[in-house]
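S.K.: coordinates for the following, if possible.
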Amino acid sequence: MALTAGIVGLPNVGKSTLFNAITKSQIEAANYPFATIAPNVGIVKVRDDRMENIRKFIESKKIIPTTFEFTDIAGLVKGASKGEGLGNQFLSNIREVDAIVHVVRCFADTDIVHEHGTIGDPVSDIEIIEIELMLADLQSVENRLQRVGKKVKAQDKEALVEIKLLEKAKEILDNNLPLSNLELNEDEEELIKPFHFLTRKPVIYVANIDEDSLGDIDNNPMYQAVKAYASERQCRVIPISATVEESLSGLEDDEREMFLEELGVEESGLDRLVKNSYDILNLRTFFTAGPQEIRAWTFTEGMKAPACAGIIHTDFERGFIRAEVYHYDDLMTHESELGIKEAGKMRSEGKEYVMNDGDIVHFRFNV
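M.R.: Next up is the predicted model:
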């Protein structure tokens, strides 16, 4: 699946440090605005404990996790929608991603430059970015209204439907609200997709905290302010220390687990970010398992068996015959494929079968 989340925020909030942790790469992370000019793309594995559990009952040479893609987008500034900073170049980069990871500074460090010279008001920082995104969407709506208006005069029925939708969008934006507040039916959803509106994309807020706050997050007032703001927006917020995550990224798995234990946390913030980014895009996982490899595959919720077979190889979809399926939970209960068959849990599914998260499948095909 080629879906990606874009990491955005004001300059110097820790975006590039977080991206370094995500990809274990060393892009420039300098203490001045616009250290990141071109968007950097990195792929990170999605940690899934189910794979090791599957291996307990299906002997296999290797495990191959599924992956998720992140794009590090240079820091936006106030006035970006009018060309300030690096302006529309960044807005264009955001338009190309499927979800937004909005990094917010929730630590006090006078040695690190703040874009507006103020530290301690993360909600204001969030609003600077979100206003720019809303202004960019408003500009897109108004430009489209001008073009479609000519067709409306000619009584074009499709244009009439589109202009009604655009006017609804304009009303939302004029009230300083993101287009995520726009309630649409199924047909309207399809109509609005090609516009790639920025404020219609799902958002996760990342509160970049200091290491001391990791074990005492409730006493970080900046994080609490972001948490309250995210709740109002019905969005997710994840506290992360980007510098800690960058340190974790350079460790072997056993050292990493020891470090996390010392910090008093069960799971790294980065793992939670990856899983939440995966989840808000309605991405799910099915598995293939055999003596050569146990492999995780990403699919979108609601996809049918032939389309999921096509994720592995286009020939699998083209020549799809059936899917032999059982669920991860069945394997954990019955401890072998033979036990699953004897319990009547092994199923043969056809072209209309809708895949479930955790399905373990063998596709039969003929080309």
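S.K.: now the strands for the protein?
M.R.: Taking DSSP state E, the strands of the chain run over residues 4-8, 40-45, 62-64, 67-72, 99-105, 203-208, 236-240, 283-289, 293-300, 320-327, 347-349, 359-365.
S.K.: ok, of those, where does mean pLDDT dip lowest?
M.R.: Confidence, taken as mean pLDDT, is least for strand 40-45 of the strands of the chain (a mean of 80).
S.K.: what packs against it?
M.R.: helix 15-23, strand 67-72 (3 or more C-beta pairs under 8 Å, 6 or more residues apart in numbering; DSSP states H and E). C-beta: built from backbone N, CA, C; applies to glycine.
S.K.: rewinding a little: nearest to residue 158, out of the strands of the chain?
M.R.: Closest of the strands of the chain to residue 158 is strand 293-300, at 27.4 Å (criterion: C-beta to C-beta).
S.K.: partners of that closest one in the sheet?
M.R.: Strand 293-300 pairs in its sheet with strand 62-64 (parallel), strand 283-289 (antiparallel), by DSSP bridges.
S.K.: adding distance to residue 334 and mean neighbour count, write the ones you listed out as JSON lines.
M.R.: Shown next, in JSON lines, are the strands paired with strand 293-300 (distance: least, C-beta to C-beta, whole Å; neighbours: other C-beta atoms under 10 Å):
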{"stretch": "strand 62-64", "distance to residue 334": "21", "mean neighbour count": "13"}
{"stretch": "strand 283-289", "distance to residue 334": "14", "mean neighbour count": "22"}
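S.K.: can you tell me which of the ones you listed is nearest to residue 347?
M.R.: strand 283-289 (13.6 Å).
S.K.: relative orientation of the closest one and strand 359-365 in degrees?
M.R.: 70 degrees (axes from the mean of the first three to the mean of the last three C-alpha atoms, to 10 degrees).
S.K.: could I have the CA atoms of strand 283-289 written out in PDB?
M.R.: Extracted in PDB, the C-alpha atoms of strand 283-289 (Å, rounded to 0.1, in the frame of the first residue of the first chain):
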ATOM      1  CA  LEU A 283      -5.100   0.100   7.300                       C
ATOM      2  CA  ARG A 284      -5.100  -3.500   8.500                       C
ATOM      3  CA  THR A 285      -2.800  -6.500   8.300                       C
ATOM      4  CA  PHE A 286      -3.200 -10.000   6.900                       C
ATOM      5  CA  PHE A 287      -0.400 -12.700   7.100                       C
ATOM      6  CA  THR A 288       1.000 -15.300   4.900                       C
ATOM      7  CA  ALA A 289       2.900 -18.100   6.700                       C
END
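S.K.: residue 10: neighbour count?
M.R.: 24 (other C-beta atoms under 10 Å).
S.K.: distance of it relative to residue 136?
M.R.: The gap separating residue 10 from residue 136 is 16 Å, by C-beta to C-beta, to the nearest Å.
S.K.: next: residue 284.
M.R.: Noted for residue 284: a distance of 31 Å to residue 136, by C-beta to C-beta.
S.K.: go on, residue 238?
M.R.: 25 Å.
S.K.: okay, these two: which has more neighbours?
M.R.: Taking neighbours as other C-beta under 10 Å, residue 238 and residue 136 compare with residue 136 leading, 24 against 18.
S.K.: am I right that the more buried one is in contact with residue 200?
M.R.: No. With contact defined as C-beta atoms under 8 Å, residue 136 does not count as touching residue 200 (11.8 Å).
S.K.: follow-up on the earlier one: with distance to residue 347 as extra columns, can I get the strands paired with strand 293-300 in CSV?
M.R.: Conversion of the strands paired with strand 293-300 to CSV gives the following (distance: least, C-beta to C-beta, whole Å):
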stretch, distance to residue 347
strand 62-64, 24
strand 283-289, 14
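S.K.: just so I know, which of those strands lies nearest residue 322?
M.R.: strand 283-289 (14.9 Å).
S.K.: and that closest one with strand 67-72, angle?
M.R.: Using the same axes, to 10 degrees, strand 283-289 lies at 140 degrees relative to strand 67-72.
S.K.: returning to what we had before: out of the strands paired with strand 293-300, which comes closest to residue 319?
M.R.: Of those, nearest to residue 319 by C-beta to C-beta is strand 283-289, at 16.7 Å.
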